[in-house]
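J.: sequence first, predicted model second:
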Amino acid sequence: MVLNYIWIAFFLVAFIVATVKLVFFGDIYVFNEIMNSTYDSAKTGFEISLGLTGVLALWLGVMKIGERGGMVELFSKAVAPLFSKLFPDIPKNHPASGSILMNISANMLGLDNAATPFGLKAMQELQEINLNKEEASNPMIMFLVLNASGLTLIPVTIMVYRAQLGAVNPADVFIPIMITTFAATLAGMIAVCLKQGINIFSKAIISFILVMLGIITGTVLIFQSMPQEKINIVSSMAANIILFTIIVLFIVKALKRKINIFDAFIDGAKDGFKTAVSIIPYLIAILVGIGVFRASGAMDFLMDGLRNLVALTGTDTRWVDSMPTALMKPLSGSGARGMMIDAMKTFGADSFTGRLSSVLQGATDTTFYIVAVYYGAVNIKNSRYTVPCALLADLTGVIAAIFVAYLFFG
C-alpha cells in the first residue's frame, strides 16, 4: 500500500513540475524527456532483471546448499545463548524460540524465502503466549526490531545488482555493509533492552556487543591507516576471500551431511531463475516511476535543495545523492532497490554515490513493511514502541553507512 502511494506521487509530482517548467520557463522538451524516460526505464528494468538470472541462480544455488547442509541450524545453535537473554519472557523450550532463531539465522545468510515463513511462524507462536492479543508483547517488539535492523552477513542481492550494472568488483561493498548492519542492529537491540529493562551487561549480551564493536572498531582502525588505493585493494580481496570461504564451508558442511550437493544447487538455481523472472514487472514499475520523477526535474530540485543546505555547513555534499535510497528503505524494499539501481545507473556502479547507495540498501530492512506484515499476520493493533526503536536502528545504519563509505571509498 505504501509503495502504491509513492508510485502515484512520482507521477503526480512529475506532472506538476513539468507543467510549471513548460508554462513558466518555456521548457518545451520536458514532456518529451519524461516520455523518453519511461521507455528507457522500462528497457533498463527488463535488461537488469534478465541479466540477474545467471548470478542470482548461482547465489541461490549456493544458499540452497548451505540451507540443506545445516548452516541455518548451525547459526541457530551459535546464537541460542544470546537469544535466551534477549527474550526472557519466552518460556524455556517454547517453540517460538526455535522459529525466531531460524528466522534470524536465515536472514543473516540472505535466505529471504526461508526467513519469512519462519518469521510468520514465530509471530503466531509468540501470540499464543501474549496476554494482550491486540498489543505487541516484549518478545514481539525485540523480534521485529532485530528484523528491521536488517542484520545480514551475505548481501547477495546487492552484489548481484552491482555485477549486473558493471561494477568492477561487485563485492567491494561487502565489508562496509557488514559494518553498517552490525551498527544498526546494535542500536536497535540496545534501545529495546533499555526500554524493556533487559540487563545488557549479562555475559551473553555484553559478549555479543563487545565482539561486534571489536569487529567494527578493528576494521575501521585497520583501514583508516591505509592510503585510499590500498583500502580498495585490501577490502576487495578480503571480501572475496570471505565469500569464497563461506561457499567452501557450505559445501563441506553439506558433504558431512551426505547431501546431494549438485541437486541442492540446481534446486536453488531454479528458485533464482524464478525470482529473477518474477521481479521483472515490479522492477520496471518502480524504475519507470523514478525515471519520470527524475526526468521532470523533481529529483534534481529536491537533491539541490538538500545539497545547498549541507553546503552551508561547509561539509562535503557527495553523500546527498544517495539519500533517496536511505529515505525509501524504511517504506519499501522495492522502492529502495529502484533508487539504488537508479543511483548506480545515473552516477555509475563504482562511483561514490553508487557504492554508498548499495551500502545504504544493505544497512537496514523495510521497517514499515515488516511491522505491517508481521503484526498484521496476528492482528496486533498496538505496536507500542516498535517503530521508534526500529527507526533509531535505521538512522544509525544511515549515519554509519555514510561514515564507512567515506572511509572505504574516499
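T.: All right, it came through fine. Residues are numbered from 1 along each chain as shown.
J.: the residue positioned nearest the centre of the chain - nearest residue in space that isn't next to it in sequence?
T.: The centre of the chain sits closest to residue 362, judged by Cα atoms, centre = their mean, with a distance of 3.4 Å. Closest residue to residue 362 apart from its sequence neighbours, by Cβ to Cβ, 6 or more residues apart in numbering: residue 177 at 3.7 Å. Placement of C-beta: from N, CA and C, glycine included.
J.: list the helices and strands the host helix or strand of that neighbour packs on?
T.: For residue 177, the host element (DSSP states H and E) is helix 174-196. On a contact count with 3 or more Cβ pairs under 8 Å, 6 or more residues apart in numbering; DSSP states H and E, helix 174-196 meets helix 138-148, helix 203-224, helix 228-256, helix 352-363, helix 386-409.
J.: give me the contact list for stretch 30-50.
T.: 14, 18, 21-22, 161, 164-165, 276-277, 279-280, 283-288, 290-292, 294-297, 341, 345 (Cβ atoms under 8 Å, 6 or more residues apart in numbering).
J.: from the chain's centroid, how far away is that stretch?
T.: 25 Å (Cα atoms, centre = their mean, to the nearest Å).
J.: state the mean pLDDT of it.
T.: Stretch 30-50 shows a mean pLDDT of 86.
J.: same thing with stretch 65-72?
T.: On average, stretch 65-72 scores 80.
J.: for residue 356, see how far away the residue nearest to residue 362 is.
T.: Remark: distance between residue 177 and residue 356 (Cβ to Cβ, to the nearest Å) = 11 Å.
J.: repeat that for residue 65.
T.: On the measure of Cβ to Cβ, residue 65 and residue 356 end up 32 Å apart.
J.: more neighbours: which of the two?
T.: Ranked by neighbour count (other Cβ atoms under 10 Å), residue 65 and residue 356 place residue 356 first, with 29 against 25.
J.: got a list of what that one touches?
T.: Applying Cβ under 8 Å, 6+ apart, the residues near residue 356 are 318-319, 322, 401-402, 405, 409.
J.: same question, residue 326
T.: By Cβ under 8 Å, 6+ apart, the neighbours of residue 326 are 360, 398, 401.
J.: okay, the host helix or strand of it in PDB with CA atoms only?
T.: Assigned by DSSP H and E, residue 326 belongs to helix 323-328. Provided in PDB are the C-alpha atoms of helix 323-328 (Å, rounded to 0.1, in the frame of the first residue of the first chain):
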ATOM      1  CA  MET A 323      19.700   9.800   0.200                       C
ATOM      2  CA  PRO A 324      16.700   8.700  -1.900                       C
ATOM      3  CA  THR A 325      17.700   5.100  -1.200                       C
ATOM      4  CA  ALA A 326      18.000   5.800   2.600                       C
ATOM      5  CA  LEU A 327      14.700   7.700   2.700                       C
ATOM      6  CA  MET A 328      12.900   5.000   0.800                       C
END
